[in-house]
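> need coordinates for the below:
(chains A and B)
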Amino acid sequence: MFTLPKFRHLVGAGALASVALLTFACATRQASNGLVAGDAAKAVYVAPGQYDEFYAFMSGGFNGQIGVYGLPSGRRLKTIPVFAQYPENGYGYSEETKPMLNTSYGFIPWDDSHHPALSQTNGEDDGRWLFINANNTPRIARIDLTRFETEEILEIPNAGGNHGSPFVTQNSEYVMSATRFSVPVPNTDMPIAEFKKSFKGQISFIRADQPGKMRVEFQMVMPGFNYDLARAGKGPSNGWVFFTMYNTEQANSLLEVNASQNDKDFVAAVNWKAIEVCAKAGKTKNVAAEYMHNFTDPFTRQAVSEKVTSVPQFAAKDCPGAVYFMPTPKSPHGADVDPTGEYIVAGGKLASVIPVHSFSKMIKAIEAKAFEGEIEGIPVLSYAATLAGEVKNPGLGPLHTEFDGKGYAYTSFFISSEVVKWKLGTWEVVDRVPTYYSVGHLMIPGGGTMKPNGKYLVAMNKITKDRYLPTGPELTQSAQLYDISGPKMKLLLDFPTEGEPHYAQAILASKIKDQQVKFYKLAESKAPHMVRSEKETGVSRDGKTVHVRMTAIRSHFSPDNIEGVLVGDTVLFHITNLEQDWDVPHGFAIMGAQNGELLIMPGETRTLKWIPRKAGIFPMYCTDFCSALHQEMQGYVRVSAPGSNVALVGTLSKGPQAAPKKADGDKQKK
Amino acid sequence: MPKSARLLVAFAALLMSLGYLLPLWRVDLVAPQYPEGLGILIKVNTVVGVKEQDLNSINNLNHYIGMKRIEPDAIPELRFMPAILGGLVVTALLVAAIGHRKVLYGWSVALGTVLSAGLYDYWKWGYDYGHNLDVDTAIIKIPGMTYQPPLIGSKQLLNFTATSWPAPGGWGLVIATVLVGVAIWQSHRASLPAPAAIA
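I've put the predicted structure just below:
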């Protein structure tokens, strides 16, 4: 996404030019303060017990997660933990989920997640999966939308910042990964000053259409530029993917200045069908690499992390026809393909126009070999040869474009803080609305697919300032919902988001809501330490490891009294939630655990590792208010000094421990 | 028996045999936190949840009030009921085949007795579950409160509204009984001396 240093530079460089416009915008803003029409409240009001029309999946940016929201209400429904530990449900803390965060660098508890991408069938969002990239330690995750859970994560070798990722092809054959930073390939120790000579970019195509089998199908080594964003072609341009890039100057320091010199950078048009042919012809070779593939089996619910040791790689020049450069002004950010697949819109952050390339003109230019030059064996087409048109004077700082399926495009403008609607084909601006403030990505449900739903547009803003009650130096992040069903865009709603949403996807709720898993069937569970009833529970010792196979059901654990644990032991609580009903999770926590809690879904088995540090009595309890007697759902573990001979036992009272003397008034009150 | 009455009884036998395919009775439980409801279906030879896990969920909830678990394998009636229903169907067909009025009368008394006994047994079953609670392990004890579901209709049991009603197989029996009544009426009319022609 947009980096802050660059933003500062833009404000500096563009200050004079934009003073007039900003002043005008401010005046407009003060006059209207973004006031919405009288019926806006009704348009976003979803009555209690009613459902939103769309699910929106908004990346959490630097929180590493995905926020799930309802549209049009803007109500937050859930956080799906992806690349960061999540104490709320034990993701990344339980033994079953820790391997999901394993990388070739070891366990990593955090990342920066930017671009969610729904899986597609025939160019339309199909609601099976959601992919998202990890920017910092390059990875792509696949989230299963029957469980709203991260199911698979693949690390990307030879990448330095996985920003241009994970845009999907129209039948989800591939998701992409383009490196933001060029790095030595393979990554080795060398002076940074050798950037131009030795640093390389790479673009990877990840096969992603089979759960559990994500793999780098091929990796193309590219010139040492910075690769930014991408979109797959569709319809006539299916088989191609368009990547933007900046820093074609190949600077390795003070990029805000040094990477802003060239008048034009490029959009790379990559023909993956041609690459498939090259791969079949043996032009890729398996190069040694080390990266992790993590996957959760749906029946064991245990994530497994496996090391991959090679990657099929080739140099762009070794597969003629695989890639062409289209000159594009200037440091382009988004490369967005319209629903017909004909137009490729590039958002040049520093450009004064929005350039639109034509796919059919590009094909003609390639056939005519109308090349201006060549970079590392990659033909460079001429700007005029591929240009369909330019949107003139659109605003300042164009970033991203989405489409409504009715012939219009909507482009976000960071510097002039607005969304601009323009017409494909005539390139004329037809409407503009302010955003509060400095919009980055924008999103229309299906707006990047062949079948947009042109009803709403969500703007994801980078600056919030005075829009909400202030909360100290760090403010909430803000999204804004616009009605785009008519000729004029109408602001309907501001709503806060968790983390910084970079990009989002939205899909009709009807495509997802009826496929939800409500609980896991105990009879189908293959979790290694699961038990099917209280009769199968027990404690056992294996050297210094104590296994506690425990059950949770309203409203007790079995066993709930455990003795014989010694200081220095590692205790593994394997807890099976015996409930077989919707919305009855149980939680588990034990005093002094340096780990986290478990949140165990019905029918699921989760394991908490606990290393008691001192002798004594340690309370444990259910952390999720499960039932009327939730507060009674508790127990004790006795920890004895090393070498003591307390027998290892786990017990549960079979009935009343003493004859009740009188009515238990306290309990009755509960 | 007139031919129409014999056909009615034969048809009643067919309707009664639906009890092998379709549940006889249904109990639904709805509570604030169970808006989707829990329910059980009583079939001729077993008790199952309306949704796959409903019986399990109801049993788990019932431990709060000390109610016994409903274990279909431990309910002896469910072992006899298929034979009893079979007996009713076969004898109904025999009645239709024989076509004798007095046999029909005699059989209908037996039918009434069997159905009444069945309903009484079902009521008693519900009484037993609702009253014989394990006071030692019951968590929620409300003096005087019992948890017998209604035979037919609705009743509030703590946070649950319990509604009990014949299920399609049960309606088959109800309609079969009505048809038998009609057959009796027709047979009775046919047995009367022909009315004198009105002058």
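> give me the distance from the biggest strand by length in chain B to the chain's centre.
Taking DSSP state E as the criterion, chain B has its longest strand at strand B:34-42. On the basis of C-alpha atoms, centre = their mean, to the nearest Å, strand B:34-42 sits 18 Å off its chain's mean C-alpha point.
> got the contact list for stretch A:179-190?
Stretch A:179-190 is contacted from outside by A:135, A:138, A:156, A:158-164, A:195, A:198-203, A:221, A:224-228, A:250, A:287-289, using C-beta atoms under 8 Å, 6 or more residues apart in numbering or on different chains. Backbone N, C-alpha and C define where each C-beta goes, glycine included.
> so which of these sit within strands?
Per DSSP E, these map to strands at A:160-164, A:199-203, A:221, A:226-228, A:287-289.
> next, count neighbours for the residue lying closest to residue A:310 once chain neighbours are set aside.
Take residue A:310 and drop its neighbours on the chain: the residue closest to it by C-beta to C-beta, 6 or more residues apart in numbering or on different chains is residue A:286, 4.2 Å away. Close neighbours of residue A:286, defined as other C-beta atoms under 10 Å in any protein chain shown, add up to 10.
> which residue does chain B have closest to chain A?
residue B:53 (4.2 Å; C-beta to the nearest C-beta).
> wait, that residue touches residue A:580, no?
Yes: using C-beta atoms under 8 Å, residue B:53 is in contact with residue A:580, at 4.2 Å.
> between the two, which contacts overlap?
In contact with both residue B:53 and residue A:580: residue A:519, using C-beta under 8 Å, 6+ apart.
> how about the helix or strand residue A:562 falls within: buried residues?
Assessed by DSSP states H and E, residue A:562 sits inside strand A:561-566. Residues of strand A:561-566 classed as buried: A:562, A:563, A:564, A:565, A:566 (neighbour count, 16 or more other C-beta atoms under 10 Å in any protein chain shown).
> from those, pick the one nearest residue B:42.
residue A:562 (41.9 Å; C-beta to C-beta).
> what's in contact with stretch A:580-591?
A:518-519, A:521-522, A:552-554, A:557, A:573, A:575, A:577, A:579, A:597-603, A:606, A:608, A:610, A:618-624, A:626-627, A:633, A:637, B:36, B:53, B:56-57, B:60.
> pull up the distance across that stretch, start to finish.
Counting by C-alpha to C-alpha, to the nearest Å, you get 28 Å between the two ends of stretch A:580-591.
> quick revisit: so which of the contacts of stretch A:580-591 sit within helices?
Of the positions in these, B:56, B:57, B:60 sit in helices, assigned by DSSP state H.
> contacts with chain A among those, please.
When C-beta under 8 Å from any C-beta of the partner chain is applied, the members of the ones in helices among the contacts of stretch A:580-591 adjacent to chain A are B:56, B:57, B:60.
> can you list the low-confidence ranges for chain A?
A:1-37, A:658-670 (pLDDT under 70).
> picking up where we left off before, list the contacts of the residue of chain B closest to chain A.
If a contact means C-beta under 8 Å, 6+ apart, then residue B:53 has A:519, A:580, A:581 as its contacts.
> can you redo those residues as JSON lines with distance to residue B:46?
Converted to JSON lines, these look like this (distance: C-beta to C-beta, whole Å):
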{"residue": "A:519", "distance to residue B:46": "23"}
{"residue": "A:580", "distance to residue B:46": "18"}
{"residue": "A:581", "distance to residue B:46": "21"}
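> circling back: parallel or antiparallel, which strands does the strand holding residue A:562 pair with?
Each strand paired with strand A:561-566, and its direction, by DSSP bridges: strand A:634-640 (parallel), strand A:649-651 (antiparallel).
> how about the helices in the chain?
Unless you meant another one, I'm taking chain A. Under DSSP H, chain A gives helices at A:4-32, A:40-44, A:195-198, A:255-258, A:272-280, A:359-367, A:383-386, A:665-669.
> not what I meant, chain B
Taking DSSP H, the helices of chain B run over residues B:3-17, B:54-62, B:77-98, B:101-131, B:168-191.
> mind putting those into JSON lines with mean neighbour count and mean pLDDT?
Listed next are the helices of chain B as JSON lines, based on neighbours: other C-beta atoms under 10 Å in any protein chain shown; pLDDT from 0 to 100:
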{"stretch": "helix B:3-17", "mean neighbour count": "20", "mean pLDDT": "95"}
{"stretch": "helix B:54-62", "mean neighbour count": "20", "mean pLDDT": "92"}
{"stretch": "helix B:77-98", "mean neighbour count": "16", "mean pLDDT": "94"}
{"stretch": "helix B:101-131", "mean neighbour count": "15", "mean pLDDT": "93"}
{"stretch": "helix B:168-191", "mean neighbour count": "18", "mean pLDDT": "94"}
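> who wins for proximity to residue A:57 among those helices?
That would be helix B:54-62 among these, by C-beta to C-beta, at 31.6 Å.
> need the contact partners of the closest one.
Outside of helix B:54-62, the residues within contact range by C-beta under 8 Å, 6+ apart are A:553-554, A:579-581, B:29, B:38-40, B:47-49, B:68-70, B:147.
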